[in-house]
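J.: this is a predicted model, with the sequence first.
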Amino acid sequence: MRIAMFLDTDFPPDPRVENEATSLVDDGHEVFLFSLDYKNNALQEEEINGIKVYRYRAGWLLYKLSALAYTVPFYHWLNHKRIRNFIKKVNPDVLHVHDMPLAKAVINVNAKFNLPLVLDLHEDRPEIMKFYPHLNHGPGKYLIKPNTWNRWQNKLVERADHVIVVTELAKNILVNKTKKNDKEFIVVPNTIRSDIFNKYPLNDSIINKFTTTTNILYLGDTNMRRGTDTAIKSIALVKDKYPDIKLILVGKNKDDEKLKELAA
């Protein structure tokens, strides 16, 4: 089967997309990945671990409009031509769109092609958006409404043929909020695929810094909604029993200064 995937940002990296795509390739399918290119990558077409990547140049304006994707329609309109071009070029049997930002545009364009469509929700974005700093002050507070994104998420779920979510809880919530049958949902957790993870080169200078301690490692977005502040506070509860314990947070977010103050 020829599968056209859609990603609203640069690739690589995106572990979830790579995990799913390489699993499909290993199963004998052909995967063609549409990627919006904000980094002006030198290669517009490239094969990575069997995934055929097609990059479409996207500038600063499109990036800013992505935050307003369900406030005003311009983001979707600007992507329609790219999406049509990609579908015609790769001639897929099925469409697989990752996350919400591009989903509406892909569904709109697919009205002409009428291909089976899978919606892959990487997270409960309307709920998580409530913790975004730019939604709590400034213009974003008035322009970007999580409730609007929530209504659109429900519409997109109902218009998709199948929906992929990260947890059973996410599936149950969407089954209750929409007219979708639970058999049309698939749960794919965000777990590490070891054969990909182990290919990354090791930095001995980092490893050598932590050879004499008991280490707890967190990798990812360090936003406090992920519980990073709770992890820091928890060290005080166990450091007497485990004096060699060390918490290592690897990632970045606008909350980092607050976390450093808390750690201090």
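T.: Looks like it arrived, so ask away.

J.: where do the strands sit along this protein?
T.: With strands called from DSSP state E, the chain shows them at 2-7, 30-37, 45-48, 51-57, 94-98, 117-120, 162-165, 185-187, 214-219, 245-250.

J.: of all those, which one is nearest residue 127?
T.: Residue 127 sits nearest to strand 162-165 of all the strands of the chain, at 12.7 Å, using Cβ to Cβ. Using the backbone N, CA and C atoms, a C-beta is placed for each residue, glycine as well.

J.: bridging residues for the residue nearest to residue 106 when sequence neighbours are not counted?
T.: Excluding the flanking residues, the one nearest residue 106 by Cβ to Cβ, 6 or more residues apart in numbering is residue 97, at 4.5 Å. For residue 97, the beta-bridge partners are residue 6, residue 119 (DSSP bridges).

J.: re the thing from before, could the strands of the chain be laid out in TSV, adding mean neighbour count, mean pLDDT and distance to residue 172?
T.: Shown next, in TSV, are the strands of the chain (neighbours: other Cβ atoms under 10 Å; pLDDT from 0 to 100; distance: least, Cβ to Cβ, whole Å):
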stretch	mean neighbour count	mean pLDDT	distance to residue 172
strand 2-7	23	98	26
strand 30-37	23	97	29
strand 45-48	12	94	35
strand 51-57	19	96	31
strand 94-98	25	98	22
strand 117-120	22	98	17
strand 162-165	20	97	9
strand 185-187	14	96	9
strand 214-219	12	93	27
strand 245-250	15	95	31
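
J.: all helices for the stretch 101-250 of the chain, in order.
T.: 103-113, 125-128, 140-143, 146-159, 168-177, 194-197, 204-209, 228-238 (DSSP state H, counting those that start in this stretch).

J.: pLDDT at residue 155, what is it?
T.: Here, the pLDDT recorded for residue 155 equals 96.

J.: measure it to residue 232 for me?
T.: According to Cβ to Cβ, to the nearest Å, residue 155 and residue 232 sit 39 Å apart.

J.: quick one, domains of the chain?
T.: Annotated domains of the chain cover 2-194, 201-263 [automatic domain parsing].

J.: need the winner for burial among the ones you listed.
T.: For the domains of the chain, the largest average neighbour count (mean count of other Cβ atoms under 10 Å) is found in domain 2-194, namely a mean of 17.

J.: just how off-centre is that one within its chain?
T.: 8 Å (Cα atoms, centre = their mean, to the nearest Å).

J.: about what we covered before: quick check, the residue nearest to residue 106 in contact with residue 115.
T.: No: using Cβ atoms under 8 Å, residue 97 is not in contact with residue 115, being 11.1 Å away.

J.: columns distance to residue 88 on top of the strands of the chain, output as a markdown table?
T.: What follows is those, written out as a markdown table (distance: least, Cβ to Cβ, whole Å):
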| stretch | distance to residue 88 |
| --- | --- |
| strand 2-7 | 11 |
| strand 30-37 | 12 |
| strand 45-48 | 15 |
| strand 51-57 | 12 |
| strand 94-98 | 13 |
| strand 117-120 | 16 |
| strand 162-165 | 23 |
| strand 185-187 | 28 |
| strand 214-219 | 39 |
| strand 245-250 | 41 |
